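A.B. asks: Structure for this input, please:
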Amino acid sequence: MLKPISTMPGAKEFIVLAAAVMSVNAVAIDALLPALAAVGTAVNAGEDNRRQWLITAYLIGFGTSQLVYGTLSDHYGRKPLMLVGLAIYAAFAALSVLAGSFGTAVALRVLQGCGGGVSVLALSIIRDRHSGDEMVRVMSLAFMLFLGIPIFAPSLGHAILVLSSWQWVFAAIALFGALLLPWVALRLPETLPPERRMPLSPRAVARAIGYVLRQRDSLGYTLASTALVGALFGIVTSGQQLFANVFHAPEAFPVVFGTVATCVALAALLNGRVVGRFGARRTSHLALMGYLLVACVHGAVAWSGLERPWVFTALQSALMFCFGLMLANFGSLAMARLAHIAGTASAVQSLVINVAGALVGIFIGQRFDGTAVPMTLGSIACGCAALAMVLMAERGRLFQPVAAPLPMRVAG
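C.D. replies: Numbering: from 1, shown residues only. Now for the predicted structure:
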């Protein structure tokens, strides 16, 4: 039975708890980045580019599991699924300490990602408890806290590696999940009342998925987001190699990563005010133009051999600032016509974005050749693909304040 609202955690604790659940993936990925070389050597990964699969494997598990969590939680409730997912996340992070081969390490990362997919339920519990402007406010606050993790997690991973071994990075990831378990178990009541639960019907789920994929604006903005996330994952998977093997400054990577992540956070903070004035379409379309411009400039710099750590940091910060102005708006535009199946729609879109984005990212990362050229060309190509998908969604028209009207059907 759903407990009275008064027994729920207070507003501040609820927001921090939701942000903590959202952060499990950032911890699992970003804290490991400084240790990729050490882990790759320990598990006999072979060539440097192969160790990128330790990131991609997690993303594949994370992406594929979200549809399962979203569907089952609509039937069984949020809390049981959240506890199961966190337990899986913590258990397989802990088992990664014992990985003795590359194949085992990759398999454990996939399974850990399957646990991390439960983070999708953080948005569901916010929707269960709040609505309207209050929901937007709570989501914004939780997202602000969540964005702090990519800023500090690489520094944490680097500090652990300086003081100890790579196994302790996995131990810290496992500890994060393990600490969330009792917090959720003791302080988070079930937020989905029985009368709002949906029957578990594979046919209904399949019908909803088909509907999502048939909507032009939903599909277009989802695929645009996929391209941008793919470019981001390409940067994440090969950025550490660039600083270690080309710039010969591996200790600078956590600082640079934190600086770039800070620009994403600043864009997210600014986004609410900008969208209120110009609208989600104009804001995100202008940001996409800026993204393409910066990506092309960075590509020219890398091609000319003028790449330096400070140049990389400045250009990637500008690129990710534009990224921060696009992704949330693309997500809201993709969901604009799908409020009646919001849970399934968000899970389907997240699955496509994260799984396909991870595959695009590993494709870019595997092209690493000792320069930033493949990474920057990947950003340019993904930006062009995103522009094509946005044009498809908007029927060839950009910068419109509202959706372009659907073409009229002629009778007879």
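A.B. asks: Could I get the buried residue list for the helix or strand of the chain with the lowest mean pLDDT?
C.D. replies: One helix or strand of the chain scores below all others by mean pLDDT, DSSP states H and E: helix 132-163, with a mean of 76. Along helix 132-163, these residues count as buried under the neighbour rule (16 or more other Cβ atoms under 10 Å): 138-139, 141-143, 146-158, 160-161. In this view, the C-beta of every residue, glycine as well, is placed from N, C-alpha and C.
A.B. asks: Give me the spatial nearest neighbour of the spatially most central residue of the chain, chain neighbours excluded.
C.D. replies: Nearest to the geometric centre of the chain sits residue 354, at 6.9 Å (Cα atoms, centre = their mean). Leaving out its chain neighbours, the residue that sits closest to residue 354 by Cβ to Cβ, 6 or more residues apart in numbering is residue 63, at 3.2 Å.
A.B. asks: The nearest residue to residue 200 once chain neighbours are set aside - how many residues pack around it?
C.D. replies: The shortest distance from residue 200 to any non-neighbouring residue, by Cβ to Cβ, 6+ apart, is to residue 75 (4.3 Å). Residues near residue 75, counting by other Cβ atoms under 10 Å, number 13.
A.B. asks: Also residue 245?
C.D. replies: The burial count for residue 245: 14, using other Cβ under 10 Å.
A.B. asks: Equivalent analysis for residue 370, please.
C.D. replies: 11.
A.B. asks: Residue 49 is in contact with residue 366, correct?
C.D. replies: Yes - here residue 366 reaches residue 49: they are 5.2 Å apart, a contact under Cβ atoms under 8 Å.
A.B. asks: related to what we said a few turns ago, tell me the contacts of the residue nearest to the centre of the chain?
C.D. replies: Each residue near residue 354 by Cβ atoms under 8 Å, 6 or more residues apart in numbering is listed here: 59, 62-63, 66, 229.
A.B. asks: Need the overlap of contacts for residue 366 and residue 49.
C.D. replies: In contact with both residue 366 and residue 49: no residue, using Cβ under 8 Å, 6+ apart.
A.B. asks: buried set for the strand or helix carrying residue 381?
C.D. replies: Per DSSP states H and E, residue 381 falls inside helix 373-393. Within helix 373-393, the residues that count as buried by 16+ other Cβ under 10 Å are 373-383, 385-387, 389-390, 392-393.
A.B. asks: Distance-wise, check the residue nearest to the centre of the chain relative to residue 313.
C.D. replies: 26 Å (Cβ to Cβ, to the nearest Å).
A.B. asks: and what of residue 269?
C.D. replies: In terms of Cβ to Cβ, residue 269 sits 20 Å off from residue 313.
A.B. asks: Show me which of the two is the more surrounded one.
C.D. replies: Set residue 269 next to residue 313 and count neighbours by other Cβ under 10 Å: residue 313 wins out with 17 against 14.
A.B. asks: and the more buried one, what is it in contact with?
C.D. replies: Here residue 313 is in contact with 256, 259-260 (criterion: Cβ under 8 Å, 6+ apart).
A.B. asks: who wins for most neighbours among those residues?
C.D. replies: residue 260 (25 neighbours).
A.B. asks: So which bits of the helix or strand where residue 72 lies are buried?
C.D. replies: Per DSSP H and E, residue 72 falls inside helix 53-76. By neighbour count on 16+ other Cβ under 10 Å, the buried set for helix 53-76 is 53-74.
A.B. asks: Ok, stretch 95-115 next?
C.D. replies: Buried-residue list, stretch 95-115, by 16+ other Cβ under 10 Å: 95-97, 99, 102, 105-115.
A.B. asks: of all those, which two lie farthest apart?
C.D. replies: 102 and 115 (20.9 Å; Cβ to Cβ).
A.B. asks: Where does the prediction get shaky in the stretch 101-250 of the chain?
C.D. replies: Within the stretch 101-250 of the chain, the ranges that satisfy pLDDT under 70 run 131-137, 139-140.
A.B. asks: Touching stretch 221-229 from outside, list them.
C.D. replies: 291, 323, 326-327, 330-331, 333-334, 349, 352-354, 356-357, 360-361, 382-383, 385-387, 389-390, 393.
A.B. asks: ok, 7 Å please
C.D. replies: With contacts defined as Cβ atoms under 7 Å, 6 or more residues apart in numbering, stretch 221-229 is touched by 323, 326-327, 330-331, 333-334, 349, 352-353, 356-357, 382, 385-386, 389-390, 393.
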